[in-house]
Structure formats: C-alpha cells, structure tokens
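**Student:** take a look and give me a structure for this.
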Amino acid sequence: MSDIQQQFAHRLKELRAARGWSLARAATETGVSKAMLGQIERGESSPTLTTLWRLAKGFDVGFSTLIEPVDASSGSFQTRVTPPDSALTVKTLLPFVADLHTEMLDVEIEAGGMRESDSHRQGVIECVLVQSGELAVYSDARWHRLQAGDAYRFRADQPHAYRNESQDKPAQFLNLLVYR
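**Tutor:** Coordinates of the predicted model:
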C-alpha cells in the first residue's frame, strides 16, 4: 500500500468512526459505492478527484481534510496529491478549519489540462488567484480567462471547470474555498 493510499484509508476510517457510520451509511451520504469505500479503506484503491470531492461533501468536511498528511501536527503540508483521474496536483496551504469555514489549496494544472467539477455544497465560494500560466475558469455558463496575477471569485455550488490555456507549460493557482 502506497503512502497516499494509506493516508486516504486512515482518513476515511477516522471520518466514519467519528460519525459512527457504517459503510452503507457512508455510501448513502457521499454517493460513493460501498464497494469503493471498502477498497479505499483497505488501501486497495486511491480515490479519484471526483470521489474525494464527494467524500468531502458527504462527510461535510473541507477537501484538505482528505488530502493533508495524517500527522499534520507540524503544520507543514508539503505533499502534492495527484489523484489518478486528474490533470491537477493539489497541495494544502491552509487546512480546513471549521470555525473559519475556509481552506486554501495550491493547485497546478498540466499544460492543456482540464478539470470539470461537480457542484460543491450549497453556498461554497471559490476564489482563484493565478500564480503562473494562463487559466480559464468555467462558471456562470461561460469561460473566464485569467493570466498570472488575475483573481476571480465564483459560486462553486454549481458545476464549474478549470482549463490550462497553455499547451506547453503548467498553470499554477491558489484556490481559497469559503464554506457557508
């Protein structure tokens, strides 16, 4: 079992135990099949980015809760996570804090890469600040093109997407998520 699979396995077990949920209840709450949840908990499978967001939404936790290291006591979140279905790598900069309702991620999207995202929980806002490259963000039924230094805020409780406009270099952006 890889370190990342072990991390996801531990985190999922921890979340289920804290709520007293069976695998069946977790499947109902998250929309992730009971079989897939079992595979993740046994370290047999790494969740896709879509699955990670479904877990975060169903367990009512921030995305960073699922990707931060199990021993995050040092406050250092240096690991970049690249889910198997994604053109994105993600690193937690500021982990989810419930009383602040926020988290901040450092996201890199490969050249020409695109990531479509399902709606997040009701009231979630995303703020994007492009650090390098060219990024397009799809929200409100249209693409918004951004360059390094540009910022954009949108409602993430609707389907949205990210696309790297460059075909030869990655784009990097900070993503601040504000939960209702």
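**Student:** domain-wise, how is this structure divided?
**Tutor:** 3-67, 88-178 (automatic domain parsing).
**Student:** just the pLDDT for the nearest residue to Gly113 once chain neighbours are set aside.
**Tutor:** Nearest non-adjacent residue to Gly113, counting by C-beta to C-beta, 6 or more residues apart in numbering: Ala87, 2.8 Å away. C-beta: built from backbone N, CA, C; applies to glycine. pLDDT recorded at Ala87 is 85.
**Student:** tabulate the domains of the chain (CSV), appending mean neighbour count and distance to Val81.
**Tutor:** Below are those laid out as CSV (neighbours: other C-beta atoms under 10 Å; distance: least, C-beta to C-beta, whole Å):
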stretch, mean neighbour count, distance to Val81
domain 3-67, 18, 5
domain 88-178, 17, 5
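**Student:** next, Gln167: secondary structure please.
**Tutor:** coil (DSSP: H, G, I helix; E, B strand; the rest coil).
**Student:** separation between the residue nearest to it when sequence neighbours are not counted and Phe173?
**Tutor:** Counting by C-beta to C-beta, 6+ apart, Gln167 lies nearest to Gly112, which is 4.8 Å off, once chain neighbours are set aside. Going from Gly112 to Phe173 by C-beta to C-beta, to the nearest Å gives 16 Å.
**Student:** next: Trp53.
**Tutor:** 17 Å.
**Student:** the residue nearest to Gly113: what's it in contact with?
**Tutor:** By C-beta atoms under 8 Å, 6 or more residues apart in numbering, the residues touching Ala87 are 109-110, 113-115, 164.
**Student:** Ser46 reaches Gln5, doesn't it?
**Tutor:** Yes - Ser46 sits in contact with Gln5 when judged by C-beta atoms under 8 Å, with a separation of 5.3 Å.
**Student:** contacting residues around stretch 141-151?
**Tutor:** With contact meaning C-beta under 8 Å, 6+ apart, stretch 141-151 is reached by 127-138, 152, 154, 163, 165, 173.
**Student:** low-confidence stretches in the chain?
**Tutor:** Scanning the chain for pLDDT under 70 picks out the ranges 1-2, 69-79, 83-85.
**Student:** so what's Ile109 up against?
**Tutor:** Contacts of Ile109 (C-beta under 8 Å, 6+ apart): 87-88, 115, 133, 135, 162-164, 170-173.
**Student:** should've said Glu110
**Tutor:** So Glu110 contacts 87-88, 164, 170 (C-beta under 8 Å, 6+ apart).
**Student:** for it, phi and psi?
**Tutor:** With angles defined as degrees, to the nearest 10, Glu110 sits at phi -60, psi 160.
**Student:** leaving out chain neighbours, which residue sits closest to the residue most central in space within the chain?
**Tutor:** Compute the mean C-alpha point of the chain, and by C-alpha atoms, centre = their mean the closest residue is Phe63, 4.6 Å away. Spatial nearest neighbour of Phe63, chain neighbours left out: Ala56 (4.8 Å); criterion: C-beta to C-beta, 6+ apart.
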